[in-house]
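Asker: Predicted model follows, preceded by the sequence.
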Amino acid sequence: MITALYHKQSLPFLNGILSGRNVHPLEHYLQVGGYTMVKISILAGLLIFFCLLPVNWKLSCFIIFLLLSLLEMGIRIRDWRERIQYPKIDIPENIGWEYDSPLGWKMEENAEFTLVSYVNHFWANIRVNSKGLRDEEYAYEKPQGAERILLLGDSMIVGMEVSKENVIDAQLERKLAQHGNYQVINAGVRGYATDQSYLFLKEEGIRYHPDIIVYAFVENDPLGNVTVHRPNRRFGKPHFILDDADELLLEGMPAPQRFKKVNLWEMSDPRIENLYNDALMRYLNYRKKPTLIDSIMGDFLRLKIFEWILMRLGYFKYTDLEIYHKEFPENIPVWVTDYEWEITGAILQKMSELANAIGAKFLVFEVPSVSDEERDESRLQTICKKWKIPYFNMNQKFKSYRNIFRPLRFIYDAHWTKWGHQFAANELYQELRRRGWV
């Protein structure tokens, strides 16, 4: 208690309470040591209650406490063994990134590194080729008789959480082998939105002479399309705006390398920027002053048995995303989402036109969101109908999947497991076959 009081710098509060100098002693009492005094009071009350129980009730409580203690010990031993297998390594979001003036960032050419996650139990060795793709080396010139499929997208497509042979492109290529010589090139990069995928396609992707271009859309792409710099991200990026004639204009070239406030949002529209930064500041202030319930919950989560029970009940599913989204405005104005989607739709139209110009087929693949919303038709699907862009999703099949021993997503993460990549590859293969493209 004394240690907690010292580190919380609450000794003046305690002295004030004991000397009677405080005007609001109860308020100060609740604040002492980050609610340490309140917790001690609760424990003291529980101890007094235990002492008043009949002898047989005391014995029952003791046996339950002993069993829970043994279970806690067993879980901690298992936890210790797993930490040896999956050592905790501080992995920055931008690992493997390097600055790129047209795109903002790309994967570092010829890089090799390892991603390890204790909570999600994965260990993946990453190798990047000489052109900055997590794939084998491909010459720009297409071999005679070969068909090429180019996959565009973000971290869902690049699949850095699983080994290379289990990523969607490798699994799709194996399925297509029975139909001829198909090369599936993975051009996904962590953090990319629609705008960067389009710029990559325009400057680099078309050099591979793809026959089919598949763009994997993720639900945070519209936000990414109006973002110049995300808080604490190493690099920023160029961005598109719409002129008076609703034509796309590219701004911020070359991509910025330095930012005055790296811990804040920088957006293409100052009004949206203020909206998101206000929400971020509220979130940071909330983290500095947690409530009593938050503090007690934090103490409970230090018990492995409590964490294990909640995880089995699904409480922790995508917890990191739920916490992350507290940094965002709770009620985003309609005009903001309309603008984000307007930019997104215009970029998709340009991608489709570029694909048609080089004689390639273009498909928009909507990655299932982590939310459980059931929608008859997504906004993306409506945009694709408007511009006559081929569209495909696997939302219903993905959400109806029930194999708990082969989960499609990691427990603490929205990214696909190797079974998620296998599921997506199979669905994409079926869609390409249905359309008669392969």
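Answerer: Yes, it's here. On a predicted model such as this, the values are computed, not experimentally measured, just so you know.
Asker: Pull up the distance across stretch 204-223, start to finish.
Answerer: Start-to-end span of stretch 204-223 (Cα to Cα, to the nearest Å) is 24 Å.
Asker: Which positions in it come out as buried?
Answerer: If you call a residue buried by 16 or more other Cβ atoms under 10 Å, then stretch 204-223 has these buried ones: 204-206, 208, 210-218, 220-223. For every residue, glycine as well, the C-beta is placed using N, CA and C.
Asker: again with stretch 296-311
Answerer: 304-308.
Asker: Centre of the chain to that stretch, how far?
Answerer: Counting by Cα atoms, centre = their mean, to the nearest Å, stretch 296-311 is centred 23 Å from the centre of its parent chain.
Asker: Using PDB, write out the CA atom coordinates for it.
Answerer: Provided in PDB are the C-alpha atoms of stretch 296-311 (Å, rounded to 0.1, in the frame of the first residue of the first chain):
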ATOM      1  CA  ILE A 296     -10.800  -3.200 -10.000                       C
ATOM      2  CA  MET A 297     -11.200  -4.900 -13.400                       C
ATOM      3  CA  GLY A 298      -7.500  -4.300 -14.000                       C
ATOM      4  CA  ASP A 299      -6.700  -6.100 -10.800                       C
ATOM      5  CA  PHE A 300      -8.900  -9.000 -11.600                       C
ATOM      6  CA  LEU A 301      -7.300  -9.400 -15.000                       C
ATOM      7  CA  ARG A 302      -3.900  -9.900 -13.300                       C
ATOM      8  CA  LEU A 303      -5.400 -13.300 -12.200                       C
ATOM      9  CA  LYS A 304      -4.800 -15.800 -15.000                       C
ATOM     10  CA  ILE A 305      -7.900 -17.800 -14.100                       C
ATOM     11  CA  PHE A 306     -10.100 -14.800 -14.500                       C
ATOM     12  CA  GLU A 307      -8.500 -14.000 -17.900                       C
ATOM     13  CA  TRP A 308      -8.900 -17.600 -19.000                       C
ATOM     14  CA  ILE A 309     -12.600 -17.800 -18.100                       C
ATOM     15  CA  LEU A 310     -13.400 -14.500 -19.900                       C
ATOM     16  CA  MET A 311     -11.400 -15.600 -22.900                       C
END
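Asker: show me where the stretch 301-438 of the chain has helices.
Answerer: Per DSSP state H, counting those that start in this stretch, the stretch 301-438 of the chain carries helices over the ranges 304-312, 319-324, 334-357, 379-386, 395-399, 418-434.
Asker: counting contacts, what elements does the longest one pack onto?
Answerer: Contacts of helix 334-357 with other secondary structure elements, assessed using 3 or more Cβ pairs under 8 Å, 6 or more residues apart in numbering; DSSP states H and E, are made with helix 194-203, strand 212-217, helix 221-224, strand 239-242, strand 248-251, helix 270-288, strand 361-366, helix 379-386.
Asker: Could you break the chain into its assigned domains?
Answerer: Per automatic domain parsing, the structural domains of the chain span 2-85, 140-276+327-434.
Asker: can you list these in TSV and add mean pLDDT and distance to Glu109?
Answerer: Listed next are these as TSV, based on pLDDT from 0 to 100; distance: least, Cβ to Cβ, whole Å:
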stretch	mean pLDDT	distance to Glu109
domain 2-85	71	31
domain 140-276+327-434	93	12
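Asker: Need the winner for burial among the ones you listed.
Answerer: Mean neighbour count (mean count of other Cβ atoms under 10 Å) peaks for domain 140-276+327-434 among these, with a mean of 18.
Asker: Endpoint to endpoint, that domain covers what distance?
Answerer: Terminal residues of domain 140-276+327-434 are spaced 29 Å apart (Cα to Cα).
Asker: Report the distance from that domain to the chain centre.
Answerer: 14 Å.
Asker: by contact count, what packs against the helix ranked longest in the chain?
Answerer: The residue-count maximum for a helix in the chain (DSSP state H) belongs to helix 55-85. Applying 3+ Cβ pairs under 8 Å, 6+ apart, we find helix 55-85 packed against helix 304-312.
Asker: mean confidence for the helix it packs on?
Answerer: Across helix 304-312, pLDDT averages out at 70.
Asker: Kindly report the same for stretch 100-117.
Answerer: 91.
Asker: C-alpha coordinates for it, CSV please?
Answerer: Provided in CSV are the C-alpha atoms of stretch 100-117 (Å, rounded to 0.1, in the frame of the first residue of the first chain):
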residue,chain,number,x,y,z
ASP,A,100,8.7,5.6,-50.4
SER,A,101,8.0,9.1,-51.9
PRO,A,102,5.1,8.1,-54.2
LEU,A,103,3.4,5.8,-51.7
GLY,A,104,4.4,7.0,-48.3
TRP,A,105,5.9,3.6,-47.3
LYS,A,106,6.5,0.2,-48.7
MET,A,107,8.1,-3.0,-47.4
GLU,A,108,11.8,-2.9,-47.2
GLU,A,109,13.4,-4.6,-50.1
ASN,A,110,15.2,-7.9,-49.4
ALA,A,111,14.3,-7.6,-45.7
GLU,A,112,14.1,-10.6,-43.4
PHE,A,113,12.6,-10.5,-39.9
THR,A,114,10.4,-12.5,-37.5
LEU,A,115,7.0,-11.7,-36.1
VAL,A,116,6.1,-13.4,-32.8
SER,A,117,2.9,-13.0,-30.8
